[in-house]
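Participant: all I have is the shape, not the residue letters:
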């Protein structure tokens, strides 16, 4: 009988912790633009390009300009995290349930440097691995700039 009471109590504690954390979860927006609203010389951008959030938070990718999407870089996400790929010109929402650094890009504009980073909770668990991921063309240069921004946050 005592085991049953303890088991029921444990389930109640876990359920309340899950519902409590979802109450505090936030939703963030990342806009997909043809031009950076703060610097018109920068083209094909996610805004913001670096976003730090907590575990359980949601990011909504908004197609502010047509022709963009969001896709995870399967080589640059934490172990156990699921890949995503949104449809072109469609808004997309994802809730992050695994701590770590997530590299992502716009499928048609990756070569033009349309890439971003999402830092979830303890993002350092795979940050160095993500930094070591090989990138090509302008995406490589933009990622280097984003890594410098993250390193300056520490």
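Facilitator: Perfect, I can see it now. Worth saying up front: this structure is predicted, and the values here are computed from it rather than measured.
Participant: give me the beta-bridge partners of the most centrally placed residue in the chain?
Facilitator: Centrality entry for the chain: nearest residue to the mean C-alpha point is residue 118, 3.3 Å, by C-alpha atoms, centre = their mean. Following DSSP bridges, residue 118 is listed with bridge partners residue 51, residue 102.
Participant: residues in contact with it?
Facilitator: 51, 53, 59, 96, 101, 102, 104 (C-beta atoms under 8 Å, 6 or more residues apart in numbering). For every residue, glycine as well, the C-beta is placed using N, CA and C.
Participant: same question, residue 33
Facilitator: 44, 45, 46, 47, 64, 65, 68.
Participant: ok, the residues you listed vs residue 131, which is closest?
Facilitator: Closest approach to residue 131 among the contacts of residue 33 (C-beta to C-beta): residue 46, at 18.0 Å.
Participant: show me what contacts the closest one?
Facilitator: Residues in contact with residue 46 (C-beta under 8 Å, 6+ apart) are 30, 31, 32, 33, 61, 70, 104, 106, 114, 115, 116.
Participant: which ones among those residues lie within helices?
Facilitator: For those, membership in helices holds for none, with DSSP state H as the criterion.
Participant: ok, for residue 78, nearest residue in space, not its chain neighbours?
Facilitator: Nearest non-adjacent residue to residue 78, counting by C-beta to C-beta, 6 or more residues apart in numbering: residue 100, 2.8 Å away.
Participant: burial count for the one you found?
Facilitator: Look at residue 100: counted by other C-beta atoms under 10 Å, it has 24 neighbours.
Participant: ok, residue 149 next?
Facilitator: By the criterion of other C-beta under 10 Å, residue 149 has 13 neighbours.
Participant: look up how far residue 143 lies from it.
Facilitator: Remark: distance between residue 149 and residue 143 (C-beta to C-beta, to the nearest Å) = 10 Å.
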